[in-house]
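S.K.: Generate a structure from the sequence data that follows.
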Amino acid sequence: MFDPYFEQYIVANNDTSVSLCNFSVSNSYIYVSWEAATAEFAFDITSNSTWTISTPSASWVSLVKSSGSGSQSVTINVQENLATPRSATFTVTSGCGVTKQITIKQNESCGFVGTITQ
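M.R.: Next comes the predicted model:
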């Protein structure tokens, strides 16, 4: 259940105890220019539980880590694009069931834009 006052999800366990699920992903807009053949950027996960990141089938993006617990920084590596614009989406899922999507949109050879959809 989402508590709009505290902007947090509340998780109730079978033993009737209640815990707050703090979970967020940083960076709502990212632009990186293409000065090298490949680039990387990091985003921060703030969490008080475990989390996993789904890996898209796109071969031009890769994660340095795809799971963890607590608050951490995660790096995504992106290869240069010499063809047409492309995109890939990662889904970050917390241990309490909250999800965030990170979409990487990349133009050909001039840079890419990353957005986070909540």
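
S.K.: pLDDT on stretch 53-67, on average?
M.R.: Averaged over stretch 53-67, pLDDT sits at 89.

S.K.: In that stretch, which residues are buried?
M.R.: 53, 56, 58, 60-61 (16 or more other C-beta atoms under 10 Å). C-beta here means a position set from N, CA and C on the backbone, and glycine is covered the same way.

S.K.: which residues are in contact with that stretch?
M.R.: 50-52, 72, 74-79, 81, 86, 88-93, 104, 106 (C-beta atoms under 8 Å, 6 or more residues apart in numbering).

S.K.: Please indicate which of these are buried?
M.R.: Taking 16+ other C-beta under 10 Å as the criterion, what is buried in the contacts of stretch 53-67 is 51, 74, 76, 78, 81, 88, 90, 92-93, 104, 106.

S.K.: so which of those residues comes closest to Ala42?
M.R.: Val74 (6.4 Å; C-beta to C-beta).

S.K.: Show me the buried ones among the contacts of stretch 53-67 that map onto strands.
M.R.: Among the buried ones among the contacts of stretch 53-67, the members falling in strands (DSSP state E) are 51, 74, 76, 78, 88, 90, 92-93, 104, 106.

S.K.: Closest one of these to Thr38?
M.R.: Closest approach between these and Thr38, by C-beta to C-beta: Val78, at 6.6 Å.

S.K.: before we move on, back to that, now the ones in strands among the buried ones among the contacts of stretch 53-67 in CSV, please, with extra columns for distance to Ser24.
M.R.: Shown next, in CSV, are these (distance: C-beta to C-beta, whole Å):
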residue, distance to Ser24
Trp51, 11
Val74, 13
Ile76, 17
Val78, 23
Ala88, 21
Phe90, 15
Val92, 10
Thr93, 13
Ile104, 19
Gln106, 24
